[in-house]
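Q: could you work out the structure for the sequence below:
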Amino acid sequence: MCGMKIIKNKNITWIDIAKPTKQDIEFVAKQHKFHPIILDELLHVSAHSRVDIYDQYLYLTYHIPVYDPVMKTSRKAEIDCLITKNKIITVHYEELEPINNFTRNLTNNPHFKETAMENTGKLLYSIIEEIINFSMRQLKHIEENVTGLTQELFTGKEEAMLRKISYVKRDLLDYRIISRPQEILLKSLKETSIKFWGEGIVVYLSDLVGDHLKVTQHLENYQQTIESLEETNAQLLNAKTNSVMQKFNILAFLTIPMVVVIQLFSVDSFNSLLGENNLKLFLASIITVISITTISLMVFKNKKWL
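A: So this is what the prediction gives:
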């Protein structure tokens, strides 16, 4: 049970288990008469967040967005909570920064420990509050990416911008997919927890709903910003493409006289009609075409069409 931490304060106990084993779950089973199905779920990652209330305990599955710098997007981390009137057992499948921070705060700050572990309702509030604060910090990389794209918008790197915008959009989408269900979970927890802790817990859980709403609002702002950047970048790329196509069309137009002359002199009947003067006329025609093309180029450049 090397992945287990136990912290106590008066009648309240917090047991935290990282990377649970069967021995860890057997230890949990001895703490309370939890349903065997619930205990079995603690050994596996859950697909969906949930909150269930039973006669003597609550079961909560909370998902946390964690940025993966290799994949350049957010992935889902999970923490499961079993809550009784005097004990909270948290289970997670990897080391989590918010849990480590919360453990240090309890260990190093006696006043915080006294306040946070007043009862299991306050303890659960404090844990989730730390998780939401971590989620806000996780938005920092999205903010930095969006700011960087804003500064890079008019530097003539539209094609590179398109790829970077796609990465940020995917990150935002993955973050939203993980984060949005937690809003529903917190509202459900607020409604069901009254039966478990009484009316006094409502103010704390309402605060959690409000704090999570701030995460959602930041996501929406970033989403609107990146969509505007994408639209502007697309317009710039389209303008650049049109400019290149215009230049190609002009150059194609300039080659028409040359092509006509060459094709005309390749016709045998035309050459026989000219007789011995066909070479002189061909050279004269080429010089005339080159002159016309040169003058046309100068005019187009003066008009800034090229």
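
Q: neighbouring contacts of stretch 167-182?
A: Applying Cβ atoms under 8 Å, 6 or more residues apart in numbering, the contact partners of stretch 167-182 are 48-49, 62-65, 67, 72-76, 135, 138-139, 141-142, 145-146, 149, 212, 215-216, 219, 222-223, 226, 230. Bear in mind the C-beta positions are built from the backbone N, C-alpha and C, glycine included.

Q: just the buried residues of these.
A: 49, 62-65, 67, 73-74, 76, 135, 138-139, 142, 145-146, 149, 212, 215, 219, 222-223, 226, 230 (16 or more other Cβ atoms under 10 Å).

Q: take those and keep only those in helices.
A: 135, 138, 142, 145-146, 149, 212, 215, 219, 222-223, 226, 230 (DSSP state H).

Q: what's the closest of those residues to residue 165?
A: Nearest to residue 165 out of these is residue 230 (Cβ to Cβ; 5.1 Å).

Q: which SS class is the nearest residue to that closest one once chain neighbours are set aside?
A: Distances taken as Cβ to Cβ, 6 or more residues apart in numbering put residue 165 closest to residue 230, at 5.1 Å, once the chain neighbours are dropped. Three-state assignment for residue 165 (DSSP: H, G, I helix; E, B strand; the rest coil): helix.

Q: distance check, residue 165 against residue 220.
A: Using Cβ to Cβ, to the nearest Å, we find residue 165 at a distance of 17 Å from residue 220.

Q: okay, those two: which has more neighbours?
A: residue 165 (20 against 12; other Cβ atoms under 10 Å).

Q: now do that one, the pLDDT please.
A: Per-residue confidence at residue 165 stands at 90 (pLDDT).

Q: tell me where the model's unsure across the chain.
A: 1-2, 239, 241-286, 288-289, 292-293, 295-297, 299-306 (pLDDT under 70).

Q: just the strands from it, written as ranges.
A: Ranges of strands in the chain, per DSSP state E, are 4-9, 12-18, 50-53, 58-68, 73-83, 87-92.

Q: residues in contact with the first one: which ones?
A: Spelled out, it's strand 4-9. 13-18, 24, 27, 103, 106-107, 113-114, 117.

Q: please redo it, this time with the cut-off set to 6 Å
A: 14-17, 106, 113, 117 (Cβ atoms under 6 Å, 6 or more residues apart in numbering).

Q: which of the residues you listed lies closest to residue 96?
A: Nearest member of those to residue 96, counting by Cβ to Cβ, is residue 16, at 9.6 Å.

Q: across the sheet, point out what pairs with that closest one.
A: residue 5, residue 90 (DSSP bridges).

Q: for residue 110, see how far away it is.
A: Distance from residue 16 to residue 110, by Cβ to Cβ: 19 Å.

Q: who has more neighbours, those two?
A: Here residue 16 and residue 110 are compared on neighbour count by other Cβ under 10 Å; more neighbours surround residue 16, at 21 against 10.

Q: neighbours around residue 164, how many?
A: 17.

Q: repeat that for residue 112.
A: Neighbours around residue 112, by other Cβ under 10 Å: 14.

Q: now do the spatially closest residue to it that is not a sequence neighbour against residue 129, distance only.
A: Distances taken as Cβ to Cβ, 6+ apart put residue 105 closest to residue 112, at 5.2 Å, once the chain neighbours are dropped. Counting by Cβ to Cβ, the gap from residue 105 to residue 129 is 11 Å.

Q: repeat that for residue 58.
A: Counting by Cβ to Cβ - residue 58 and residue 129 are separated by 17 Å.
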